[in-house]
Each structure stands twice: as structure tokens, then as C-alpha cells.
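> Next comes the sequence, and after it the predicted model I'd like to discuss.
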Amino acid sequence: MNHSHEEAHIHTGIMRLALATEDARAYWSRVVPGENAKERLRRAFEERWFGGKSEERVAGILRYFYARFDAFPESLPVLGRWREMAPDTRRAICHWHLQLSDPLYRELTGAYLPERRSGPRSEISRYLVLRWLASKFPGRWSSSSAAVVASKLLSAAHEAGLVASNRDPRPLVWPRVPDHALLYLLHLLRGLVFEGTLLENPYLASVGLTGPALEERLRKLPGVSYRRMGALEDLQFEHPTLTAWAAEVIS
């Protein structure tokens with residue numbers, strides 16, 4: 001079986017499109033999976049999926065959304081039929097799909113921000129992100145480009161509910177993750193190739209679901225059975241796939 005996988009190539013696509021939760025909702029509701037790219041652009045522009053944006057801007061949004069959502073084929077039909085999605089769920093799903101398609105954002109939100117949160121000062125600033133970028137990727141970008149990347153990373157983290165403010169110093173917070181959002185992620189990850197394990201990865205870590213907090217949440221989560229015996233963990237699902245779960249649970 002061929003599995004989709006998380007993006008591993010470092011890029012700066014976030015400079016051109018951050019989390020974009022409202023545009024994503026419009027995309028999910030109207031896109032036809034597998035549609036010809038030219039026809040998709042024509043429909044998106046003429047039908048004003050993203051409001052009054054220029055055709056060039058619409059083409060850019062479609063290109064980045066293709067990498068975020070179409071690259072994980074089981075996701076798009078589920079998201080397209082999910083009409084009554086709560087705002088917190090939509091925000092979490094957009095955040096995880098941005099993590100999947102952007103390793104820079106994934107490492108910042110799944111490793112660096114949780115590390116900062118566990119330290120003496122649970123806050124972040126643009127200066128700290130710039131310093132982090134310089135230490136992780138020395139000499140990769142000019143000062144001006146790095147400043148834009150840092151600002152966009154923080155804007156996306158703020159929209160995702162990981163950062164409480166758009167002004168330095170920015171307190172770090174954990175977003176609310178509804179049960180349906182968590183189940184979507186767990187079912188999605190089961191069918192993907194990614195670094196880490198189903199219960200220890202940057203996607204869960206980015207929203208504060210690690211260790212005892214995750215175990216407590218899993219024990220109460222409908223649709224799964226979780227047990228721990230010493231170092232051994234056992235997680236069982238009532239539904240075999242994301243598609244099967246969605247067909248029975250979401251509307």
C-alpha cells in the first residue's frame with residue numbers, strides 16, 4: 001500500500017499563505033478532488049471562492065492548498081462533507097495540515113514552542129524566532145527574508161491558538177482541541193508516513209497532548225480504547241479508517 005507522507009523539504013511557502021482558515025473552509029466545500037488544475041482555477045476565480053482576490057492570488061492559494069490537503073487524499077472528501085464543523089475543530093485541522101505540508105512550521109510549533117512553554121518564561125517573540133531560525137538554518141536566508149518568515153510563522157501560530165498575542169512578548173497558550181478534531185488527527189496519522197509515533201509526534205505536542213495529559217484524554221475519547229501496562233501502550237480504534245469514521249460520526 002502506498003502511504004502519503006509529511007513534507008520533509010524546507011520551504012518558505014508560509015510567506016505567501018499562513019493558516020487561512022476561512023479560505024480553507026471555502027476550498028473544502030467547493031473543490032473537486034482530482035479536478036484539472038486549469039478548470040479548478042477557472043471555477044475558483046469566477047465563482048469567487050476566496051472573495052474578490054485577483055486571479056494570480058487565487059492561483060497561489062490553490063497551489064498551497066493542494067499541498068496541504070490534496071496531498072492527503074483521504075482527507076479532502078471528509079473535509080468537503082463536514083458541514084457542521086466547529087470553529088475550534090476547523091482551526092486545529094488547518095494547523096495540523098499546515099504542519100504536515102511545512103516542516104519549518106511543524107518544527108517551530110511541534111518542538112520549539114513546547115520547549116519554550118516548559119521553561120521559566122512561557123512566551124515567544126519575533127527576536128527569539130529569528131534566533132531559532134539562525135541556529136537551525138545558519139546563512140540560509142537574508143535578514144529581511146528571515147524577518148518575514150519569522151513574522152508569518154508567528155501569525156500562523158497566533159491564528160492556530162498557540163500564541164495569545166500578535167505583540168511581543170507573546171504568551172504561549174494551548175488551544176482547545178475538540179474530540180472530533182483529535183479523532184480526525186489520529187485517524188489521519190494512521191494512514192500517513194511521518195516522524196515519530198501515533199502517540200508521540202509534533203502534531204499532538206503542538207497542542208499540549210503529550211504524556212499524562214494525552215493518556216487522560218485518550219481514556220475519555222469516544223471511538224477509541226486506550227490502555228497502558230508499564231511501558232506498553234495499546235490504542236484500538238472502533239473504525240478502520242478516517243473515511244469510515246467520518247461516514248458514521250460527522251455531518
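Right, received. Where do you want to start? Numbering: from 1, shown residues only.
> I'd guessed Arg116 sits against Glu123; true?
Yes. Look at Arg116 against Glu123 with CB atoms under 8 Å: they come within range, at 7.2 Å. (Glycine included, C-beta is placed from N, CA and C.)
> so what's in contact with those two at the same time?
Common contacts of Arg116 and Glu123, defined by CB atoms under 8 Å, 6 or more residues apart in numbering, comprise Leu172.
> tell me which element the residue positioned nearest the centre of the chain is part of?
By CA atoms, centre = their mean, the chain has its centre lying nearest to Trp96, at 1.7 Å. Element membership of Trp96, judged by DSSP states H and E, is helix 87-101.
> That helix - contacts with which helices or strands?
On a contact count with 3 or more CB pairs under 8 Å, 6 or more residues apart in numbering; DSSP states H and E, helix 87-101 meets helix 21-30, helix 103-107, helix 143-159, helix 179-190, helix 202-205.
> now those as CSV including distance to Gly223 and mean pLDDT?
As requested, the helices and strands packed on helix 87-101 are exported to CSV (distance: least, CB to CB, whole Å; pLDDT from 0 to 100):
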stretch, distance to Gly223, mean pLDDT
helix 21-30, 22, 97
helix 103-107, 26, 98
helix 143-159, 28, 97
helix 179-190, 6, 98
helix 202-205, 16, 98
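> quick one, which of those is nearest to Glu6?
Closest to Glu6 of these, according to CB to CB: helix 103-107, at 7.3 Å.
> Looking at the helix or strand just after that closest one now, give me its mean pLDDT.
Elements were assigned by DSSP H and E; along the chain past helix 103-107, the next helix or strand is helix 113-117. For helix 113-117, mean pLDDT is 96.
> Residues contacting helix 113-117, please?
Applying CB under 8 Å, 6+ apart, the contact partners of helix 113-117 are 122-124, 128, 157, 162-163, 172, 205-206, 208, 210.
> Flag the shaky bits of the stretch 1-150 of the chain, pLDDT-wise.
Within the stretch 1-150 of the chain, the stretches with pLDDT under 70 are 1-2.
> returning to what we had before: looking at the contacts of helix 113-117, which two lie furthest apart in space?
The two members of the contacts of helix 113-117 with the most space between them (CB to CB) are Leu128 and Thr210, at 21.5 Å.
> Neighbour count: those two, which is higher?
Between Leu128 and Thr210, counted using other CB atoms under 10 Å, the more crowded position is Leu128 (19 against 15).
> Quick check: which element contains the more buried one?
Leu128 is part of helix 126-136, with elements assigned from DSSP H and E.
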